[in-house]
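[1] Starting from these lines, generate the structure:
(chains A, B and C)
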Amino acid sequence: MSFDPDVTGALAPRGAAPDNPGPAAPGPGTVAPVAPVPVPGARLAVRRFLGHGPAVVGLAILLLTAVMAIAADWIAPYDPQAVSTALLQPPSGEHLLGTDTVGRDILSQVIHGGRVSLIVALVTGVGTLVLGALVGSIAGYYGGRVDAVLMRITEVFQVIPSFALALIIVAVLGTNLAYICGALVMALWPQMARLVRGEVLKIMTTDMVAAARTVGHSNRRIIVSDVLPNALPPLIVQATIDLGSAILLQAGLAFLGLGDPTNLSWGDILQQAQRDLSAWWMSVPAGVVIFLVVLAANFVGDGLNRALRPTSSHL
Amino acid sequence: MTEHAMHTGLSVRDFSVALKTPGGPITPVDRVSIDVEPGRRVALVGESGCGKSMMLRGILRFIPPSVLDGVSGRAAFDGVDLAELDDRRLRNYRGDRIAMVFQDALARLNPTMPVGAQVAEVLTGGGRERDAQVAALFRAVGLDSSRAFRRRFPHELSGGMRQRVLIAIALAGDPELLVADEPTTALDVTVQAQILDTIASVVRERGMALLVVTHDLGVVSETCEYVYVMYAGQIVESGPVDAVFDEPGHPYTQGLIDCVLDVDEPGEQRVRTIPGVVPPPGSVTAGCRFRDRCPAAHDRCAVDPPVVELGPGRSARCWLRVPAETVEEAS
Amino acid sequence: MLRFTARRLLHAIPLLFGVVTLMFFLLQLAPGDPIQALIGDYPATPEYVAQVTKTYGLDEPLMVRYWEYLQQVFTLDLGESLASRVPVIDLITDRLGNTLILTVTAMTFAAIIGIALGVWAGVSRSRLLDHLVTGVAVGSLSIPMFWLGQMLVLIFAIKLSVLPSQGMYSTRSTAEGIDRLSDLLTHLLLPALVLAMREIGVVARIVRTSVHDVLTLPYVETARAKGFSRSKIIRRHVVRNSLLPAVTVIGYNFGFVLAGSVLVETVFGWPGMGQLLYESIRNRDNAVTIGIVLLIAVVVVVVNLITDLVYGLVDPRIRVGASTGGRA
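    Below you'll find the predicted structure:
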């Protein structure tokens, strides 16, 4: 902001106007350690979230996808793996979204594919959050050499593009769902760790932590009960965005043939589609659902950002 | 253009600035009138937060529309109301006729452009001639005029040098009025004096008018002929510098002078002796705005004080200056 | 500047070392027999297994193997492809050129289109345009890149037949010179655009924010006080300074684009490293797979280094002392 002190003085609450214009006068924004903004009341946060249109739409899409995935066995008209003689059929009354190269019903595959996406997203999201919080908070809390070493390790993981890292892990270790989730956590945790570290460093400067130390609380207790809860809002936002990233990365892996063969995913459908792109009924629906779900996760992330961190800048 | 014929300088009448805030509009500048005639050197003093800078911004239209609620009154330069100029004509005034020197020179200079180029871009000519002009401007403000120096970047200069670059930028358009907004804040004391000397001498040499905004009365006595004292968005006293300093007409002015007297020895820690702070705009509804901090406050101060003529070109906004019998009439 | 360069170089070396180490231990984690991991699912003769065991020193202790692996990698010996029996490094260098054509073109698209969009949205006072660019940016981050490619092939190659969908040159083309170049460009357009899509969004968003921020900086007001028009202020004082963060983003994201090229090359049949990677995954040809990922990591480290140096060149504040630091 290019405002002169007069404005900020004017906007400040009564009694807080800068009273010494001399060189030592603290400018706006340099107000040293203040206790972190408390997490706003849950009701207020919910209201702010619901007031943001895209976030509500996003949440609705995610919930709908979840219902669809959970109830897949009842909703899907066919067994997604059941081959038939109706090969590569365009959409018809019998197969609403047509069939693939071996005669499997695309609609049923799309419905069942949501399961993989959701499992991958949830497991990866939680895994990233836990690993990132662990490494980030230890690095930020202890600082010094511990921090230097941990951050170097983080950097090694970060310098390999996330997709390449996930790909190599799955390619070497195997393509079952557990490995895929593990690989995605490996690919996504560095960013989370850096974020956590940054937040922890901010909180460490507050009186609250100093007080906890004076009282003699153990490091672990301070991290778990004082530091992490205050760092939570940005972490939740990042985790939500990671859900989307995980779905995208998993789709990419499956497209390259690194999908779990026992659990067909949306990416697998797109891999099938690549064999004959003129069969649009294979590529269009699967891609649209991936796009919508990832978009929804990003919208929800933005909405949470507005709801939980009202002072931060938005997208 | 016909308006050039009228050389009346800057004339501000009943000028108010209203800003948008989350809590509704506020008026940090409230019906202020000042004059800066051609060639005159005028100071505007007051503590931080009293609306001095906001007034300048309002007059020269530097307040972004996202914040500005509106201005009222008249701010004219040589008879032309600045508020009525379209963008293109306003640009002809800025730089060419009214130039500004800001405080905080580091932030005020483009960090990625050599300082010479930042002066040169104000000049219209080209090539070698322009180069020579820039060098002359650098000399005029007491800077090394070598090419190597002009190629340096702002962060490679000291605070005082940067401030001089800003002055050179202001001079480059050969303006009629130089407006300096706290030009020496954040510099150390010896450098402050040098910068002020530079401003005062270039203004005198070029016959420019000067309007300097400051909270530092030392600046005023050294450089200016006339002074306006501003408090909480209003002019509370005005007059020739010597007269005002010899015999202040308003307790606030007295307070400001006392602060300087208390700590006249050089030192960066200036202890202010007026207790309290400037009331934020919007918090004062009626009466004298200084009364909470005034040693001579009285019941009648709850009523808006009148502006009292104290002599030729001198006035103060204070009940203390109102003869006793008129007080009774008023109340 | 020299010290700055040296410092960045010193920082890059342990990073590369770490990446190689990570790859080595990943191989150790491979399920079952390490030989199996190395040769994948290929049917191997006992002699071949013995040869591999010896080459890789698999009968030696872990740390010895690690040391030898390091030596090999740093002498650019990435082993041999089990599918083709060709040294991995040769396979990669054969394809690297094509991938660079694709990725560098994509980065150029991203820079030009992203910066243009970002500046446009940043200086525009229209909220609609601002929202639109932000929307495109979020959309480009959410769309599966390879699917976007499939859709463009479907539209432009299959339905409209205006652009080729596969490969780098037309199959039976004997064109030379200019014609060959234009043939390449028509093949390049779609994949490069798809690959650029995500970065266009990222760059546009960061430039937009940066323009917004710079516009509020005090020195912009100085320019206004000089009597400059808005467009002149934007041209002379805002755009250049707003591009500084874009330099970092474009440089640092080169790795994403390189990794993304694996997907895009697969969609468009582009004969680059990505397609090689795709084949190596299908063939469980791990030496090639690891070799390519190692190379990607090396390229990322190098490009990041170059980015830091370029940043030092364009931002005079960094150029002088290491101590002035801040990239504000």
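[2] Give me the number of neighbouring residues for the spatially closest residue to B:D30 that is not a sequence neighbour.
    Closest residue to B:D30 apart from its sequence neighbours, by C-beta to C-beta, 6 or more residues apart in numbering or on different chains: B:G233 at 4.1 Å. Yep, even glycine has a C-beta here, placed from its N, CA and C like the rest. B:G233 sits with 30 neighbouring residues when counted by other C-beta atoms under 10 Å in any protein chain shown.
[3] Around chain C, which positions in the stretch 51-200 of chain A sit nearby?
    A:152-153, A:155-157, A:159-165, A:167-169, A:171-174 (C-beta under 8 Å from any C-beta of the partner chain).
[4] Correction: the previous question concerned the stretch 1-150 of chain B.
    So the stretch 1-150 of chain B meets chain C at B:60, B:62, B:87-88, B:91-96, B:99-100, B:102, B:104, B:107-113, B:121-122 (C-beta under 8 Å from any C-beta).
[5] buried subset of these?
    Among the residues of the stretch 1-150 of chain B next to chain C, those buried by neighbour count (16 or more other C-beta atoms under 10 Å in any protein chain shown) are B:60, B:62, B:91, B:93-96, B:99-100, B:102, B:104, B:107-113, B:121-122.
[6] okay, now the residue in the stretch 1-150 of chain B that chain A sits nearest to: neighbour count?
    Distance from chain A to each residue of the stretch 1-150 of chain B (C-beta to the nearest C-beta) is smallest for B:G49, at 3.3 Å. B:G49 has 29 neighbours, counted by other C-beta under 10 Å.
[7] ok, back up a step: PyMOL command to pick out the buried ones of the residues of the stretch 51-200 of chain A next to chain C?
    Buried members of those, defined by 16+ other C-beta under 10 Å, are picked up in PyMOL with:
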select buried, chain A and resi 153+155+156+157+159+160+161+162+163+164+165+167+168+169+171+172+173+174
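[8] Please narrow the residues of the stretch 51-200 of chain A next to chain C to those residing in strands.
    Within those, no residue falls in strands by DSSP state E.
[9] For chain B, what's its nearest residue on the stretch 101-250 of chain C.
    For the stretch 101-250 of chain C, C-beta to the nearest C-beta, closest residue to chain B: C:G227, 3.2 Å.
[10] ends of stretch B:220-230, how far apart?
    Its first and final residues considered, stretch B:220-230 spans 13 Å by C-alpha to C-alpha, to the nearest Å.
[11] which residues of chain C score low on pLDDT?
    C:1, C:31-44, C:55-59, C:171-173, C:175, C:318-328 (pLDDT under 70).
[12] er, chain A actually
    Checking chain A against pLDDT under 70 turns up A:1-41, A:310-315.
[13] Next up, phi/psi of the most centrally placed residue in it, please.
    Geometric centre of chain A, nearest residue: A:D242, 2.1 Å, by C-alpha atoms, centre = their mean. Per-residue torsions, A:D242: phi -60, psi -30 (degrees, to the nearest 10).
[14] Give the other helices and strands that the lengthiest helix in chain A contacts.
    If you go by DSSP state H, chain A has its longest helix at helix A:106-142. For helix A:106-142, the packing partners by 3 or more C-beta pairs under 8 Å, 6 or more residues apart in numbering or on different chains; DSSP states H and E come out as helix A:53-70, helix A:72-75, helix A:144-159, helix A:177-204, helix A:228-255, helix A:266-275, helix A:280-308.
[15] The longest one packs against which elements?
    Here helix A:280-308 is seen to pack against helix A:42-50, helix A:53-70, helix A:106-142, helix A:228-255, helix A:266-275, helix C:127-142, helix C:145-152 when contacts are counted using 3+ C-beta pairs under 8 Å, 6+ apart.
[16] Mind listing what's buried along the fifth one?
    Right, the one you point to is helix A:266-275. A:266-274.
[17] Please give the centre-to-centre distance between it and its chain.
    Centroid separation between helix A:266-275 and its chain, computed with C-alpha atoms, centre = their mean, to the nearest Å, is 24 Å.
[18] The longest one now?
    Averaging C-alpha positions (C-alpha atoms, centre = their mean) puts helix A:106-142 8 Å from its chain's average.
[19] ditto for the fourth one
    From the chain centre to the centre of helix A:228-255 is a distance of 2 Å (C-alpha atoms, centre = their mean).
[20] buried residues in that helix?
    A:228, A:230-255.
[21] what's the angle from that helix to helix A:42-50?
    Angle of helix A:228-255 versus helix A:42-50, following axes from the mean of the first three to the mean of the last three C-alpha atoms, to 10 degrees, is 30 degrees.
[22] Is any residue of helix A:228-255 near chain C?
    Yes - residues of helix A:228-255 contacting chain C under C-beta under 8 Å from any C-beta: A:244, A:248, A:251-252, A:255.
[23] you'd agree B:F290 is up against B:E237?
    No - if you go by C-beta atoms under 8 Å, B:F290 and B:E237 don't touch, sitting 10.7 Å apart.
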